[in-house]
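>>> Predicted model and sequence below, questions to follow.
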Amino acid sequence: MSAPPSQSTHRLLSAAASDNATLIQAGPGYVHGISGTNGAAISYLKIYDKATAPASTDTPRRTIQLPVNAPFTFDSSMGVFFTKGIGYRITAAAADADATSVSAAAVTCLNIDYT
């Protein structure tokens, strides 16, 4: 029996005044957990199954509404599998094609655990 792959954590300490489009991993992987804190307005964390940085023209695999002035967590003991890669954007509206930037520091201490 081989050891499980080592888990990594992507960290975003403070969101920029943009949609913060980020590619975490270009290749198959699992997302095991997400945590952070959202600020004064509802924000949406959109997770993509892509091998390149996501854009508003892409369709997210998951959209997570982040509560106002509160910490948030998402945990999956089995992990959620992404076949192409793992990317994300943070927007101010829920629509898949939304390109509305969040305010600077709207989301802080975002941690995404993946393998």
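Looks like it came in fine. Here the structure is a predicted model, which is why all the values come from computation and not from measurement.
>>> quick one: buried residues of the helix or strand bottoming out on mean pLDDT in the chain?
Lowest by mean pLDDT, DSSP states H and E among the helices and strands of the chain is strand 70-82, with a mean of 93. By 16 or more other C-beta atoms under 10 Å, the buried positions in strand 70-82 come out as 72, 74, 80, 82. Any C-beta I mention is one placed from the backbone N, CA and C, and that applies to glycine too.
>>> What separation is there between the second one and Q65?
For F74, the distance to Q65 equals 11 Å [C-beta to C-beta, to the nearest Å].
>>> Let me know the secondary structure of the residue nearest the centre of the chain.
Computing the C-alpha centroid of the chain and ranking residues by C-alpha atoms, centre = their mean puts Y88 first, at 4.2 Å. The local conformation at Y88, judged by DSSP: H, G, I helix; E, B strand; the rest coil, is strand.
>>> show me the contacts for it.
Contact partners of Y88, counting by C-beta atoms under 8 Å, 6 or more residues apart in numbering, are 20-22, 24, 45-48, 54, 112.
>>> Would you format these as a markdown table with secondary structure included?
Shown next, in a markdown table, are the contacts of Y88 (three-state DSSP):
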| residue | secondary structure |
| --- | --- |
| N20 | coil |
| A21 | coil |
| T22 | strand |
| I24 | strand |
| L45 | strand |
| K46 | strand |
| I47 | strand |
| Y48 | strand |
| P54 | coil |
| I112 | strand |
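>>> Same list, the residues you listed, but as a markdown table with pLDDT, neighbour count and distance to A92 please.
Formatted as a markdown table, these follow (pLDDT from 0 to 100; neighbours: other C-beta atoms under 10 Å; distance: C-beta to C-beta, whole Å):
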| residue | pLDDT | neighbour count | distance to A92 |
| --- | --- | --- | --- |
| N20 | 97 | 20 | 11 |
| A21 | 98 | 19 | 14 |
| T22 | 98 | 17 | 17 |
| I24 | 98 | 19 | 21 |
| L45 | 98 | 24 | 12 |
| K46 | 98 | 23 | 11 |
| I47 | 98 | 22 | 17 |
| Y48 | 98 | 25 | 17 |
| P54 | 98 | 23 | 16 |
| I112 | 98 | 23 | 20 |
